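In: A structural model of the following input is requested.
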Amino acid sequence: MQTTQSSLHRPGLHAGGEFLAGDLSAVHELACRLKAASLAGRTGDRPLAGKNIALLRQRPPDAEMSVLHRAALDLGARVAHVRLGPPVDPGGTEFRHLSQMLGRLYDAIDCASLTPAEVRQIEQHAGVPVYDDLEGIDHPASVLADLMTLREQGCATDVRARIACLGEHAAERSENHRFVLQAMLLATMTGS
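Out: Okay, here's the model as predicted:
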């Protein structure tokens, strides 16, 4: 993979990198600090003020705001839902030009419903952090939110365990997911 501006941001927190234990640990620690600050009523800091984040989607946004959208807004970012049109060949010049244009317009891009090859192509040419469906159930952000919830409830964590949060724990897990997403955005967009 070519080294682009986005691959120079904290390795492992974007589409083309691998998640390293140190990266995940740092994101977890930052998410815990964000949650503690929120619980203490210290939410006035808006470190992503002036930043623009694109959410690339196949469909228009739901009536209810997504967790990622809310997480970014809470940090001061402006969020745009960019609906993708007809498929474009990811290896072609049109896709490269689209990726470069997105990189000029936005400070970060989250891609949902795209193939891994398409996400890598956007990352290679956009020059900004590119995420592969941060809100996805299989994304490490979701797993970190589960682990935060389990630890807060005093549960032993086993990597083979299946997790289902119900009732009050589902709301807590959703909040933890928001803090993990915020930590990932901060780590890649500000170097926090």
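In: strands of the chain, residue ranges please.
Out: Using DSSP state E, the strands of the chain run over residues 52-57, 78-83, 108-111, 130-132.
In: list the buried residues in the last one.
Out: Meaning strand 130-132. 130-132 (16 or more other CB atoms under 10 Å). C-beta coordinates here come from the backbone N, C-alpha and C atoms, glycine included.
In: before we move on, back to that, between the strands of the chain, which one is closest to P90.
Out: If you check each of those against P90 by CB to CB, strand 108-111 wins as the nearest, at 11.3 Å.
In: quick one: list the elements packing against the closest one.
Out: Packing partners of strand 108-111 (3 or more CB pairs under 8 Å, 6 or more residues apart in numbering; DSSP states H and E): strand 52-57, helix 116-126, strand 130-132, helix 168-189.
In: avg pLDDT for stretch 173-188?
Out: Averaged across stretch 173-188, pLDDT comes to 92.
In: and the contacts of that stretch?
Out: 9-10, 13-14, 23, 26-28, 30-32, 34-35, 38, 47-48, 53, 67-68, 70-72, 74-75, 77, 108, 129, 131, 134-135, 141-142, 144-146, 148-149, 152, 165, 192 (CB atoms under 8 Å, 6 or more residues apart in numbering).
In: so which of those residues are in helices?
Out: 23, 26-28, 30-32, 34-35, 38, 67-68, 70-72, 74, 141-142, 144-146, 148-149, 152 (DSSP state H).
In: and the buried ones among the residues you listed, selectable in ChimeraX?
Out: With 16+ other CB under 10 Å as the criterion, this ChimeraX line picks the buried residues out of the ones in helices among the contacts of stretch 173-188:
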select :23,26,27,28,30,31,32,34,35,67,68,70,71,72,74,141,142,144,145,146,148,149
